[in-house]
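>>> Let's see this in three dimensions:
(one chain, ligands or ions: 1)
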Amino acid sequence: MSDDEADPELVELLRQHFQGKLNIKQESETGVLEDCEYVFDSSIDIAIDMRHCKKAAEEIYTQMQKKHYSTSTWSEHELHPKAKDESTVNFIFTMDLLNFSFWSELPDKERFAIEYKGKRWTGYWSLVAALQRALEEGIPITSPEYWQDEDKCDLDSLRHVFRSCTEEEMPLLKERLDCLREAGQVLEEYYDSSVVNLIDAADGSAASLVNILAKDFDCFRDEHPFKDREKPIRFLKRAQILVADLWACFDGESYGDFGDIDKITMFADYRIPQVLISMNALYCSPLVAAAIRDKQMLENGSSWEMQLRACSIWCVELIRREIKRNHPKAHINAILIDFFLYDKMKELEEAGKEAIPHHRTRSIWY
Ligand SMILES: Nc1nc2c(c(CN[C@H]3C=C[C@H](O)[C@@H]3O)cn2[C@@H]2O[C@H](COP(=O)(O)O)[C@@H](O)[C@H]2O)c(=O)[nH]1
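Residues are numbered from 1 along each chain as shown. Sure thing, here's the model as predicted:
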């Protein structure tokens, strides 16, 4: 064989090696963005208004700069845990296991609310307040072993942990107990009941951790069939926000150190669509707009609901690209845009300035 001919065996080995790399590359993609672009391309009830999307991008960038919005904003929230240790990892995991469906149809004074530190907390903050209160009362609510103890951790004890200062009970309490139970079993079976072991299994990849959560835990597998598409559409909202909360809380270090964190998308909940619509970046057909305005229930997995979630994720991606185009040096990803929009929406709600209601879907996914 002449010097310039490659050894066929070596070529085959290299091919298999790079082929293998390609496979690993496949596993390190969550598929969420591709799935949402697919739904956006076939949406007829929801659209993205490009002109307002561009305008929103500039407004968001300017306000984020003014507020010095960064990962450290996460820990500045009064109720978020401050310790940078394993107890906070367990807190965040528990929080994002249960981070769904707080909305109520009752008037503000009657809706489910948690009294803690002399304040009345509703929505997402009611969850965080209840977990903090339980820990202070000596209830090990963030312990995977506790979730499996059917004598100690049952519907009554969860009702006590989430006891409201009004007559309304926390929504989907039984489903929340099921999430804790399943997570306790999976963690015991595969990760020696340690959330840190679960994070270590992702080997520093955000996308891998999202995929592991979706693979090992039914209650994180937020994916749904859409029209005649062969594969379900992946939103993976609570799996993604779990990774994002770890990243933000630990400032991208320690348990929050993910080399590919920018692969995480916006989290398809019921607040970001609301704020994108109020910024005119997202457009709803008259029928959908009327359903949202009239607070009609949009069934989980219905076409309108899927389009709303997917187009919101795609809209934030376009906003992210627009900011990157105009401010190449800005360290802004979908997570920080999302966190900023959520906090902005809560400020508008607090000030009684919600232009339109958020959409009503009751599910464990968001
Ligand atoms: N997309 C997105 N969805 C978010 C959040 C958060 C809170 N994240 C904290 C961490 C960093 C940020 O700065 C926030 O301080 C909760 N949610 C979702 O909203 C719904 C609760 O709404 P309401 O009932 O009105 O509180 C529910 O589906 C919940 O899962 C977010 O950030 N992004």
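
>>> pretty sure P273 belongs to a helix, no?
Yes - according to DSSP: H, G, I helix; E, B strand; the rest coil, P273 belongs to a helix.

>>> Show the model's pLDDT score for it.
Turning to P273, the model gives it a pLDDT of 98.

>>> Could you give the number of residues near L318?
17 (other CB atoms under 10 Å). Heads up, the C-betas are built off the backbone N, CA and C, glycines and all.

>>> Could you find the closest non-adjacent residue to it?
C53 (5.3 Å; CB to CB, 6 or more residues apart in numbering).

>>> Let me know the helix or strand that the one you found is in.
Assignment of secondary structure by DSSP states H and E places C53 within helix 50-66.

>>> With S157 instead?
Short version, using DSSP H and E: S157 is in helix 155-161.

>>> try T88
Per DSSP H and E: T88 is located in helix 86-97.

>>> got the buried residues for that helix?
88-97 (16 or more other CB atoms under 10 Å).

>>> CA-only coordinates of that helix in CSV, if you can.
The C-alpha trace of helix 86-97 is given here as CSV (Å, rounded to 0.1, in the frame of the first residue of the first chain):
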residue,chain,number,x,y,z
GLU,A,86,-27.2,19.9,48.4
SER,A,87,-30.2,20.9,50.6
THR,A,88,-31.0,23.6,47.9
VAL,A,89,-30.6,21.0,45.1
ASN,A,90,-33.2,18.9,46.9
PHE,A,91,-35.4,22.0,47.4
ILE,A,92,-35.3,23.0,43.7
PHE,A,93,-36.0,19.4,42.6
THR,A,94,-39.0,19.2,44.9
MET,A,95,-40.2,22.6,43.8
ASP,A,96,-40.0,21.8,40.1
LEU,A,97,-41.7,18.4,40.6
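
>>> if you average pLDDT over stretch 117-136, what comes out?
Stretch 117-136 comes out at a mean pLDDT of 98.

>>> Output it as CSV - backbone C-alpha positions only.
The C-alpha trace of stretch 117-136 is given here as CSV (Å, rounded to 0.1, in the frame of the first residue of the first chain):
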residue,chain,number,x,y,z
LYS,A,117,-43.5,35.3,56.9
GLY,A,118,-46.5,37.6,57.6
LYS,A,119,-47.5,37.7,53.9
ARG,A,120,-50.1,36.0,51.7
TRP,A,121,-48.5,34.1,48.8
THR,A,122,-50.4,32.9,45.7
GLY,A,123,-49.4,31.2,42.5
TYR,A,124,-45.9,29.9,42.1
TRP,A,125,-44.8,31.7,45.3
SER,A,126,-47.4,29.8,47.3
LEU,A,127,-45.6,26.6,46.4
VAL,A,128,-42.2,28.0,47.5
ALA,A,129,-43.7,29.5,50.7
ALA,A,130,-45.4,26.2,51.6
LEU,A,131,-42.1,24.2,51.1
GLN,A,132,-40.1,26.7,53.2
ARG,A,133,-42.8,26.6,55.9
ALA,A,134,-42.9,22.8,56.0
LEU,A,135,-39.1,22.6,56.4
GLU,A,136,-39.3,25.1,59.3
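
>>> Good, we can wrap up now.
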